[in-house]
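>>> coords below, sequence missing:
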């Protein structure tokens, strides 16, 4: 069963004191590549989300967006910068001494003039509690994306099967045409020999040897057998539940190799035409497989 890498899903869920919105987009890629955008206070969950997406999507370039809001205030810590305040006050004192004018700077003045003397920092959020809320939503999101990917994959699989059936039809026509072509070429050879050696006794053994050489040169039966074997394996892979995109892509390459060998051996216009048709079908299958997990 094929699964497309192109998919989309969106989920928005609201609880009693929280809400979350997630969105997932995926397009084809040779590997898994995820761009994850989540709130800064939930940054520690990024790797967990990435791992979850990879396990369920396999391959593809994934864009994931998460927006989370909660009525719980984010804890804030205030940090005094003692050295900064001390250095500032010492500088004020030096300025006062240098100008022979007293400068009285109190704590309120210091806080007003030097706001950076106290820094604020958001404390880390309890992400374990957040994950209990958003984890099930993420699972629903990925399941929804996977269902869409399966529907797209089913349509792709159906189209590929139609093309494979057409390739098998063309292969059968090539097989039939090969025998006819051999008989035609062998007859043409006999006629040429008869014309060239009109007044010379014909060596039947020599003719049989030349016919055998011709048959070997024109024989594409092995390629046809391997072609059918590859297609049979292709169908078996399509029935598997696991991701088989890479395996199918490899099989298409093998089929191309057999078809190219047939093209190089054949001197028959009809066979060459069928080979071109097979290559066109294979190219369309290969394009479709670029979007299969």
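Done, it's in. Here the structure is a predicted model, which means the values were calculated and not measured.
>>> Got phi/psi on the residue of the chain positioned farthest from its centre?
Distance from the C-alpha centroid of the chain peaks at residue 100, with 75.0 Å (CA atoms, centre = their mean). Dihedral pair for residue 100: phi 50, psi 40, per degrees, to the nearest 10.
>>> And it, how close does it get to residue 291?
81 Å (CB to CB, to the nearest Å). Any C-beta I mention is one placed from the backbone N, CA and C, and that applies to glycine too.
>>> same deal with residue 54?
18 Å.
>>> What is the longest helix anywhere in the chain packed up against?
Longest helix in the chain, counting residues (DSSP state H): helix 127-196. On a contact count with 3 or more CB pairs under 8 Å, 6 or more residues apart in numbering; DSSP states H and E, helix 127-196 meets strand 7-14, strand 18-27, helix 46-57, strand 60-70, helix 204-218, helix 221-238, helix 269-289.
>>> try it again with 10 Å
On a contact count with 3 or more CB pairs under 10 Å, 6 or more residues apart in numbering; DSSP states H and E, helix 127-196 meets strand 7-14, strand 18-27, helix 46-57, strand 60-70, helix 204-218, helix 221-238, helix 245-265, helix 269-289.
>>> ok so, going back, quick one, which of residue 54 and residue 291 is more surrounded?
Between residue 54 and residue 291, counting by other CB atoms under 10 Å, residue 291 is the more crowded of the two (20 against 16).
>>> out of everything not next to it in sequence, what's closest to that one?
Spatially, and ignoring its direct neighbours in sequence, residue 291 is nearest to residue 28 (4.4 Å; CB to CB, 6 or more residues apart in numbering).
>>> right, and that neighbour touches residue 290 too?
Yes - using CB atoms under 10 Å, residue 28 is in contact with residue 290, at 5.6 Å.
>>> So what does the residue nearest to residue 291 look like in phi/psi?
Residue 28 adopts backbone torsions of phi -70, psi 150, taken as degrees, to the nearest 10.
>>> repeat for residue 79
phi -120, psi 120.
>>> neighbours of it, just the number please.
The burial count for residue 79: 9, using other CB under 10 Å.
>>> Can you name the residues that contact the residue lying closest to it once chain neighbours are set aside?
Leaving aside its chain neighbours, residue 79 sits nearest to residue 119 (4.9 Å; criterion: CB to CB, 6+ apart). By CB atoms under 10 Å, 6 or more residues apart in numbering, the contact set of residue 119 is 77, 78, 79, 80, 81, 84.
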